[in-house]
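Asks: please work out how this folds:
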Amino acid sequence: MPLTASQGYKIREEYSDIKEKNICDAHGLKQIGGSRTKIDGSNGTENKSIKNASGSSTQVHLTTQKHFCEILDLDDDSRKFVELFCGNPTIDNNGKDRYHTSEIDGKYLAEFCVFLEKNKFKVVDLIIRNGFNITHVIYNDIKNNVEYELTYDEIMDRVKDAEWIFSKGGIHLKLNGKTLFHFQREGKKKPSNRYNVLWHIHRNLFKCAS
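Replies: Coordinates of the predicted model:
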């Protein structure tokens, strides 16, 4: 059963306030958080991003198509792929407002694939840091009551041999068959939240061998 707006708000409040504060206290960090920074807690030297997850993955970066394309300086063909993949209100693909990867012109798909391969570290840096000096990422597996932590450098070391895999509705960065990150469209009902670029971080990143 879908959550009501009030239920969703209570869960977000618990995750971002209570659970995040508990982790900050345990790590000797001052809680920062908020929507304007990737830094959730800091001791002045270490700046940590805290991801509270109830499953095997959780949201790590959300932005508009325009900002995503501009900040990564995508070429026209790659921009077209993002537009078709994430969709927009003017698209009518047999009743759908977007295209899955198998439905997109191979030229656009190939160019975006080349971009991802050449700019793997740049993309991961964006979704982890987005311009902020994140030194550590904490993945708090709430369901299993397990906390994982990697430094920024350790994350970059783990993704160096990972490969981009295109599925129907998502693009996955995988290592040994395990997804570390994946890209999808936001897909909410409201147009303002429907066509954005959404990245998830996976627990696999923290459990895989470096």
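
Asks: please make it C-alpha for all contacts and neighbour counts, starting now.
Replies: Will do.

Asks: ok, residue 95 - contacts?
Replies: With contact set as CA atoms under 8 Å, 6 or more residues apart in numbering, residue 95 has no partners.

Asks: name the helix or strand of this protein that has the lowest mean pLDDT.
Replies: Among the helical and strand segments of the chain, the one scoring lowest on mean pLDDT, DSSP states H and E is helix 5-13, with a mean of 46.

Asks: so which bits of the longest helix along the chain are buried?
Replies: Across the chain, the longest stretch assigned as helix under DSSP state H is helix 106-118. For helix 106-118, the neighbour count (16 or more other CA atoms under 10 Å) marks 108-109, 111-113, 115-116 as buried.

Asks: how far does it sit from the chain's center?
Replies: Between the centre of helix 106-118 and the centre of its chain there are 19 Å (CA atoms, centre = their mean, to the nearest Å).

Asks: next: stretch 129-144.
Replies: On the basis of CA atoms, centre = their mean, stretch 129-144 sits 11 Å off its chain's mean C-alpha point.

Asks: just the residues contacting it, thanks.
Replies: Contacts of stretch 129-144 (CA under 8 Å, 6+ apart): 37-39, 46-56, 128, 146-153, 203, 206.

Asks: helices - which of those land there?
Replies: Using DSSP H, 128, 152-153, 206 are the members of those that sit in helices.

Asks: which PyMOL command selects the buried ones in these?
Replies: Those of the ones in helices among the contacts of stretch 129-144 that count as buried under 16+ other CA under 10 Å are selected in PyMOL with:
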select buried, resi 128+152+206
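
Asks: and which of the ones in helices among the contacts of stretch 129-144 is nearest to residue 166?
Replies: Nearest to residue 166 out of the ones in helices among the contacts of stretch 129-144 is residue 128 (CA to CA; 20.8 Å).
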